[in-house]
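Colleague: got a structure for you, letters missing:
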């Protein structure tokens, strides 16, 4: 395990190993929970990497599974200690999607479909501010500022000169035409989207209204893939109060097939740049005409 792997993926790897040991023992999660006098949900969260795991937890589970290999137990306990290290996002209080950020930080590639907003990793600060303010109308200003900072920090994965995240984004026309923060903000945002699409590791495809019905009409989703073959891909579905992470091979394959259909229906890269640039000019023209009115975000 390399030192570059973050705590989220470390917890996930450890959980997979503990699940393997439980299954080899022929025990159910319910049986383990009863023996250790803990909740079944705790065992499930430990195995899926959604909860921090202590060395003591590992020791107790290994005893329950009858693991006699001391070297293996010590190795798993060290994994537990490593997995409790904090990621950069822990410096920001109250980050609701910290699990996702952990996956994103360690991912080698990301495929995302966005029907309503432009991809977070390709947002300008002004657009991000307007999006977050609209989504959290009652949030205090300092919380808004903090979330914008987190979003900008996340973008370092895309601009990392040594190991940039490979990003493929299919974006619906609705996200380009929705006036978020005013026409000037939208014009600058779309110009930035075109600029970033020229990076060799970033692909942006536009999905115009004229394409009609398509597999992504049920909503946004993202597929994260990792460089280590032992780390299976993850499908991320964002929710209002909770998020969903799908890791079953059949689920990942279904969403991967959906994404292939979306890529096929979307405009190609060059057509997409022209399409996005045309909409950016429309927003710029509206801004010059003073069409922003009261929709411009405050400075």
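Modeller: Perfect, thanks for sending it. The structure presented is a predicted model; accordingly, all values stated were derived computationally and were not measured.
Colleague: quick one, strands of the protein?
Modeller: Secondary structure of the chain (DSSP state E): strands at 109-114, 166-172, 202-207, 221-225, 234-237, 244-246.
Colleague: Can you check which of those gets nearest to residue 274?
Modeller: Closest to residue 274 of the strands of the chain, according to Cβ to Cβ: strand 202-207, at 9.1 Å. In short, each C-beta sits where N, CA and C put it, glycine included.
Colleague: which strands and helices sit next to that closest one?
Modeller: Here strand 202-207 touches strand 166-172, helix 173-177, helix 183-197, helix 249-265, helix 269-288, going by 3 or more Cβ pairs under 8 Å, 6 or more residues apart in numbering; DSSP states H and E.
Colleague: What are the contacting residues of that strand?
Modeller: If you take Cβ atoms under 8 Å, 6 or more residues apart in numbering as the criterion, strand 202-207 is touched by 122, 158, 167-173, 176, 193-194, 196-197, 214, 216, 262-263, 265-269, 271-273, 275-276.
Colleague: Now do stretch 105-124: distance to the chain's middle.
Modeller: Between the centre of stretch 105-124 and the centre of its chain there are 7 Å (Cα atoms, centre = their mean, to the nearest Å).
Colleague: do the same with stretch 172-187
Modeller: Chain-centre distance of stretch 172-187: 22 Å, with Cα atoms, centre = their mean.
Colleague: Contacts made by that stretch with the rest, please.
Modeller: Residues from elsewhere that reach stretch 172-187, judged by Cβ under 8 Å, 6+ apart: 113-118, 124, 126-127, 129-131, 134, 189-190, 206-209, 216, 275-276, 279-281, 283-284, 286-287, 291-292, 295-297.
Colleague: Only the buried subset of those residues, as a ChimeraX command please.
Modeller: What follows is the ChimeraX syntax selecting those of the contacts of stretch 172-187 that are buried according to 16 or more other Cβ atoms under 10 Å:
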select :113,114,115,117,118,124,126,127,129,130,131,189,190,206,207,208,216,275,276,279,280,283,284,286,287,292,296,297
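Colleague: For the residue nearest the centre of the chain, list the residues it contacts.
Modeller: By Cα atoms, centre = their mean, the chain has its centre lying nearest to residue 100, at 4.6 Å. By Cβ under 8 Å, 6+ apart, the contact set of residue 100 is 236, 238, 243, 245.
Colleague: Out of those residues, which end up buried?
Modeller: Buried among the contacts of residue 100 (16+ other Cβ under 10 Å): 236, 245.
Colleague: TSV for the contacts of residue 100, including pLDDT and distance to residue 142?
Modeller: Converted to TSV, those look like this (pLDDT from 0 to 100; distance: Cβ to Cβ, whole Å):
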residue	pLDDT	distance to residue 142
236	91	27
238	88	23
243	80	24
245	85	29
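Colleague: Residue 214 contacts residue 262, doesn't it?
Modeller: Yes - the pair residue 214 / residue 262 is scored as a contact, 6.1 Å apart, by Cβ atoms under 8 Å.
Colleague: quick one: which of the two has more around it?
Modeller: residue 262 (20 against 17; other Cβ atoms under 10 Å).
Colleague: State the distance from the residue nearest to the more buried one when sequence neighbours are not counted to residue 243.
Modeller: Residue nearest to residue 262 in three dimensions, not counting chain neighbours: residue 170, with 4.7 Å by Cβ to Cβ, 6 or more residues apart in numbering. If you measure residue 170 against residue 243 using Cβ to Cβ, to the nearest Å, the figure is 20 Å.
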